[in-house]
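>>> This is a predicted model, with the sequence first.
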Amino acid sequence: MPIHRFDPPCRGPVGLLRQALVLFGLILLALSSASVGTPGGAAQVFGPVHVLTINGGIGPATTDYIRRGLADAAEAGAAAVVLQIDTPGGLDAATRDINKAILASSVPVIAWVAPEGARAASAGTYILYACHLAAMAPATVLGAATPVSLTGAGSEGDPGSGRTGAGQPEAESDGKSESGDHGRQTREQDEPGREGTEQSGRAMERKVINDAVAYLRGLAELRGRSVAFAEAAVREARTLTASEAVQQGVVELIAVDIASLLEQADGRAVSVLDQDRVLATAGAVVQVIEPDWRSRLLSVITDPSVAYLLLLVGLYGLVFEGYSPGAVLPGVIGAIALLLALYALQVLPVNYVGVLLIVLGVVLMAFELMAPSFGVLGIGGVIALVAGSLLLFDTDVPGFGVPGRLVLGVGFASGLMFLAVLALALRARTRPVGTGAEALLGAIARVESGFPGRGLVRVNGEVWQAVCDQALPTGVLVEVCRIEGLTLHVAPTSAARSSPASERMAMP
């Protein structure tokens with residue numbers, strides 16, 4: 001039979017060397033498998049993908065929602081956060097706060113302008129530039145990042161365009177027209193303050209635009225995106241479609257849905273807090289994070305129309321409580337509404353002249369009710385209320401102003417309320433006196449005793465001394481004709497004697 005020989009393992013230096021080589025190879029294999037697919041040894045993160053949504057105007061509630069969403073994503077170990085954007089713009093302070101949260105986030109943030117037909121205008125462009133990766137759905141646009149509060153500032157001519165306030169060229173002729181020179185000199189002499197005001201306004205406009213350009217250029221340089229479009233979007237309100245944005249290096253991807261976005265983003269390297277990070281988003285679990293009750297409540301309170309109505313409810317509630325002390329309910333509702341309104345106003349771009357005009361209007365209408373002035377105070381109050389409502393919010397950002405119809409409705413309702421109270425006051429002045437001795441004139445009384453001469457009569461449940469020259473039996477009805485001190489002069493009346501209604505009036 002064959003003999004199988006089994007050589008024993010080497011126990012000498014050769015065997016030890018072989019074991020060391022095998023161990024070293026296993027270590028290299030483990031290191032290579034840990035870094036596979038991660039250029040430069042960057043760490044690869046696996047986890048869910050959180051989706052946050054910006055829909056509509058960007059304000060304080062949006063800032064709170066995004067901040068909390070990024071913090072929750074970091075705690076959950078999310079692989080990335082997708083910021084789905086569809087906005088016409090928003091407040092500058094809120095936009096910068098959101099960008100600060102994105103820049104400080106330890107989780108990669110992917111901006112995605114979606115769904116189809118959405119836009120990332122104005123503030124949305126700034127947020128897109130701040131995100132680590134940018135994508136757009138087909139048929140979407142971005143850009144138009146000029147600060148909208150400057151809209152109309154150059155309605156009388158662009159800075160440096162050589163146009164006057166009338167919109168005409170500064171020199172209509174070659175300078176040989178004496179009448180033209182004279183007219184120009186006259187305008188300069190008559191309107192020295194206007195030219196200074198225009199120059200000051202244009203200087204302020206240039207400051208704001210240059211600040212916005214520098215801010216967006218800084219974000220573009222940080223993320224490696226188009227600096228040229230960043231400047232054009234602010235200075236010229238340029239816009240781009242999705243395909244144009246990819247061609248010009250403004251966004252990196254075009255994705256029709258969230259699955260396509262995560263598939264294309266997978267394996268891309270981004271810089272998060274100065275560290276390279278490779279996205280691992282293909283097949284990741286998608287978690288859509290909806291605003292919680294706190295963010296929704298904040299969104300409702302900070303809505304300009306709601307804040308405006310809360311301010312009015314608070315002021316009117318305190319006024320009604322002052323008119324009827326002890327009613328409690330108007331005062332409680334007014335105090336709560338006023339505090340909520342003050343909180344909303346301190347985070348919104350408010351013109352405090354408008355707030356003061358609204359307060360003045362309510363105070364004037366209250367004074368009109370206390371000390372009638374034939375409508376002067378009331379009409380002035382309505383005018384101040386409407387003017388303050390129009391000036392309340394100092395911004396042209398879409399969605400952050402009080403609708404004109406609401407202002408007119410409030411002014412009309414306040415005017416009607418004022419007229420109704422004034423009509424009631426005038427009616428009360430013409431109404432017969434209902435209390436005191438004067439109210440007894442013409443009243444029907446019932447004879448209690450006496451007469452002719454002096455006797456007693458009962459009127460309105462009270463017994464009065466009365467005088468009558470005629471003999472009056474007890475129980476007959478008489479009419480009060482005259483009052484002298486505490487004595488009534490009465491006379492019998494057949495109509496009163498036969499009237500059941502009069503008899504009821506005379507009963508105690």
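Sure thing, it's come through.
>>> Show me what stretch 458-476 is in contact with.
Contacting residues not belonging to stretch 458-476 are listed as 440, 443-457, 478, 480, 486-492, 497, 505-508 [Cβ atoms under 8 Å, 6 or more residues apart in numbering]. For the C-beta atoms, the positions are set from N, CA and C on the backbone; glycine is no exception.
>>> per the record, what domains does this structure have?
43-150+205-292, 302-428, 437-506 (automatic domain parsing).
>>> Report the rounded mean pLDDT for the longest one.
This points to domain 43-150+205-292. The average pLDDT for domain 43-150+205-292 rounds to 91.
>>> Distance from that domain to the middle of the chain?
For domain 43-150+205-292, the separation from the chain centroid amounts to 23 Å (computed by Cα atoms, centre = their mean, to the nearest Å).
>>> With the last one instead?
Taking the mean of its C-alpha atoms, domain 437-506 sits 68 Å from the chain's own mean (Cα atoms, centre = their mean).
>>> circling back to that earlier point, with respect to burial, which of the domains of the chain scores highest?
Most buried of those, by mean neighbour count (mean count of other Cβ atoms under 10 Å): domain 43-150+205-292, with a mean of 20.
>>> So Ala423 versus Ser324, what's the distance?
20 Å (Cβ to Cβ, to the nearest Å).
>>> Same check on Ile483?
Counting by Cβ to Cβ - Ile483 and Ser324 are separated by 33 Å.
>>> and stretch 295-309, average pLDDT?
For stretch 295-309, the per-residue pLDDT averages 87.
>>> before we move on, what about stretch 476-491?
On average, stretch 476-491 scores 85.
>>> Next, Tyr352: phi, psi?
Backbone torsions for Tyr352, taken as degrees, to the nearest 10, come to phi -70, psi -20.
>>> my bad, should have said His489
Dihedral angles for His489 - degrees, to the nearest 10 - are phi -100, psi 120.
>>> For it, list the residues it contacts.
Neighbours of His489 in contact, by Cβ under 8 Å, 6+ apart: 466-468, 480-483.
>>> Apart from its neighbours in sequence, what residue is nearest it?
Nearest residue to His489 in three dimensions, chain neighbours excluded: Arg482, at 4.0 Å (Cβ to Cβ, 6 or more residues apart in numbering).
>>> Helix, strand, or coil at that neighbour?
strand (DSSP: H, G, I helix; E, B strand; the rest coil).
>>> For it, list the residues it contacts.
With Cβ under 8 Å, 6+ apart, Arg482 has these contacts: 441, 488-489.
>>> Dump those residues to TSV, plus distance to Pro48.
Shown next, in TSV, are those (distance: Cβ to Cβ, whole Å):
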residue	distance to Pro48
Leu441	87
Leu488	92
His489	97
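>>> any idea which of those is closest to Val286?
Leu441 (85.8 Å; Cβ to Cβ).
>>> Quick check: end-to-end length of stretch 72-84?
Across stretch 72-84, the terminal residues are separated by 17 Å (Cα to Cα, to the nearest Å).
>>> quick one: contacts of it?
Stretch 72-84 has contacts (Cβ under 8 Å, 6+ apart) with 45-54, 66, 69-70, 102, 105-112, 114, 127, 131, 258, 261-262, 265, 279-281, 284, 287, 289.
>>> Could you do stretch 286-295 as well?
Contacts to stretch 286-295, defined as Cβ under 8 Å, 6+ apart, come from residues 48-53, 61, 64-65, 68-69, 72-73, 78, 258, 262, 299.
>>> change it to 7 Å
Stretch 286-295 is contacted from outside by 48-52, 61, 64-65, 69, 72, 258, using Cβ atoms under 7 Å, 6 or more residues apart in numbering.
>>> That stretch spans what distance, first to last residue?
Using Cα to Cα, the two ends of stretch 286-295 sit 21 Å apart.
>>> Equivalent analysis for stretch 216-233, please.
First-to-last residue span, stretch 216-233, Cα to Cα: 9 Å.
>>> what's the answer for stretch 267-283, then?
OK, stretch 267-283 end separation, Cα to Cα: 12 Å.
>>> Let me see the contact set for the nearest residue to Val227 once chain neighbours are set aside.
Spatial nearest neighbour of Val227, chain neighbours left out: Ala220 (4.6 Å); criterion: Cβ to Cβ, 6+ apart. Counting by Cβ under 7 Å, 6+ apart, Ala220 touches 129, 226-227, 230.
>>> Just these: which are in helices?
Among the contacts of Ala220, DSSP state H puts 129, 227, 230 in helices.
>>> Low-confidence bits of the stretch 401-508 of the chain, can you list those?
Within the stretch 401-508 of the chain, the segments meeting pLDDT under 70 span 425-426, 428-439, 494-508.
>>> For it, which segments count as helices?
404-430, 494-498, 500-506 (DSSP state H, counting those that start in this stretch).
>>> if we can go back for a sec, tell me the two of the contacts of His489 that are most distant?
Based on Cβ to Cβ, the longest span within those runs between Cys468 and Ile483 and measures 13.7 Å.
>>> What sits closest to Ala104 if chain neighbours are left out?
Using Cβ to Cβ, 6+ apart, the closest residue to Ala104 is Leu273 (7.7 Å).
>>> Ignore what I typed, I meant Arg296.
Per Cβ to Cβ, 6+ apart, closest to Arg296 is Ala61, 7.9 Å.
>>> What helix or strand is that neighbour located in?
If you go by DSSP states H and E, Ala61 is part of helix 60-76.
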